[in-house]
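Novice: here is my input, please return the structure:
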Amino acid sequence: MPCNEITERLWLRLDHEDRIVDYRLTKNSCGREVGDSRFLERLLNRSLDELLALPLDKIPDTMPVTSGAERFFYLKHLSIIKLALAVIAGQIEGTAESGFAVESITRDEAGIEMVALMKSNLPTDNIRSCFELKPGRIRDRSMDLL
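Specialist: Modelled structure (predicted):
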């Protein structure tokens, strides 16, 4: 895929009690996959209902962030995971038209595994950029939400 590819892939694993046990958010950039699961420890073992209830306009005290960039990426990861959980819960459809297309959902004795594709701007439509770069200055906009 070309460097301007804006599609990201979410791989999400829930246990048999609908609690997050693993996830990875990646995208292809210049022919190689980049991405991470940097907030897994903060989301690990939280239930589907608990995560769906988390607001995107306030980070809970139990999930503190240390910088504007970390706040931005936390909210981006959380918003994408919340979309996936809403699909699993039957609250929304995961279609290409919605910008969050489910590739697969499999269930087995261990739980649920989902793979989905989304446009990178989908979750960030709800989160303002963490930094606004201007020649000669940087303005932290980490607390600005739409």
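Novice: now the element after the longest helix along the chain, going C-ward?
Specialist: Identified as the longest helix of the chain according to DSSP state H is helix 68-88. Using DSSP states H and E, the helix or strand that follows helix 68-88 towards the C-terminus is strand 100-108.
Novice: partner strands of whichever helix or strand comes after that next one and their direction?
Specialist: Downstream of strand 100-108, the next assigned helix or strand under DSSP H and E is strand 111-119. Strands adjacent to strand 111-119 in the sheet, as given by DSSP bridges, are strand 7-15 (antiparallel), strand 100-108 (antiparallel).
Novice: outside of strand 111-119, which residues touch it?
Specialist: Residues outside strand 111-119 that contact it (C-beta atoms under 8 Å, 6 or more residues apart in numbering): 6-18, 21, 80, 83-84, 87-88, 94, 99-107. Every C-beta, even on glycine, is put in place using the N, C-alpha and C of the backbone.
Novice: what is the mean pLDDT for stretch 92-105?
Specialist: Confidence for stretch 92-105, expressed as mean pLDDT, is 86.
Novice: mind listing residues that contact it?
Specialist: The contact list for stretch 92-105 (C-beta under 8 Å, 6+ apart) reads 83-84, 86-88, 112-119, 122.
Novice: got those residues as TSV, with distance to residue 41 and pLDDT columns?
Specialist: Output for these, formatted as TSV (distance: C-beta to C-beta, whole Å; pLDDT from 0 to 100):
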residue	distance to residue 41	pLDDT
83	21	90
84	18	93
86	23	93
87	24	93
88	21	93
112	20	96
113	20	96
114	20	95
115	22	94
116	22	93
117	25	89
118	23	83
119	27	71
122	25	49
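Novice: can you pick the most crowded of those?
Specialist: Neighbour count (other C-beta atoms under 10 Å) singles out residue 84 as the most crowded of these, with 27 neighbours.
Novice: mind checking how far the closest residue in space to that residue that isn't next to it in sequence is from residue 90?
Specialist: Of all residues not flanking residue 84 in the chain, residue 12 sits nearest, at 5.1 Å (C-beta to C-beta, 6 or more residues apart in numbering). Per C-beta to C-beta, to the nearest Å, residue 12 is found 16 Å from residue 90.
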